[in-house]
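**Student:** Sharing a model that was predicted from the sequence below.
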Amino acid sequence: MTSEIKLYIYHMNDDDPKKCSAKKLQRMQLATLKTKLSQIPNGLLLLNPFSEKSLSPADTALARKRGILALDCSWKHAEEQFQILSTKYQSRALPYVIAVNPVNFGKPLQLSTMEAFAASLYILGANEQAERITQIYKWGPHFLTMNKNPLEEYQQAKNSEEVIRIMQQYIP
């Protein structure tokens, strides 16, 4: 496997620190957490649920070169924060996957930061790194198991449009 994809988190301190997968990823040295926008490197690939373009294997080169950025904040502030971030970073939405975190179990796209990174890494072909970050929680590996079929299909897609076509098959 080639070098790992760098993972960055812009953290807004909106949630319970005991349940925060972003802070746990930082403690386990699996991601770099920043609380000021000025501290975050330029050129990252932003995971943005409001983006019209889906993450796809076509984004692999950029992710490997620059890294992936996730925003960890309350859904109350999400849209406003993503508008600000999308002016500085290339935004991609994650395709349809189901959360397994205890707060949002079974809900589509209501992912923890760890789940968002795991899905991204898997789609970009960094399966071992995706599996490693899910190990931080007992429930974590179940995310990849539960979403195995769509994630493998997304990983085989050529571009965003193809991912979106595949995704349509999974939306109930």
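**Tutor:** Here it is on my side, so go on. Keep in mind that what you see is a predicted model, and the values were worked out from it rather than measured.

**Student:** pLDDT below threshold where in this structure?
**Tutor:** Along the chain, the parts satisfying pLDDT under 70 run over 1-2, 14-19.

**Student:** Centre-most residue in it?
**Tutor:** A116 (2.7 Å; CA atoms, centre = their mean).

**Student:** Verify the stated contact: that residue with L47.
**Tutor:** Yes. Counting by CB atoms under 8 Å, A116 does reach L47; the two are 5.3 Å apart. To be clear about C-beta, it is placed using only N, CA and C from the backbone, and glycine gets the same treatment.

**Student:** what touches both of these two?
**Tutor:** Common neighbours of A116 and L47, using CB atoms under 8 Å, 6 or more residues apart in numbering, are A70, L94.

**Student:** Return the residues in contact with the residue nearest to the centre of the chain.
**Tutor:** Neighbours of A116 in contact, by CB under 8 Å, 6+ apart: L47, A70, L94.

**Student:** mind checking how far it is from L45?
**Tutor:** Here A116 is placed at a distance of 12 Å from L45 (CB to CB, to the nearest Å).

**Student:** Alright, I will stop here.
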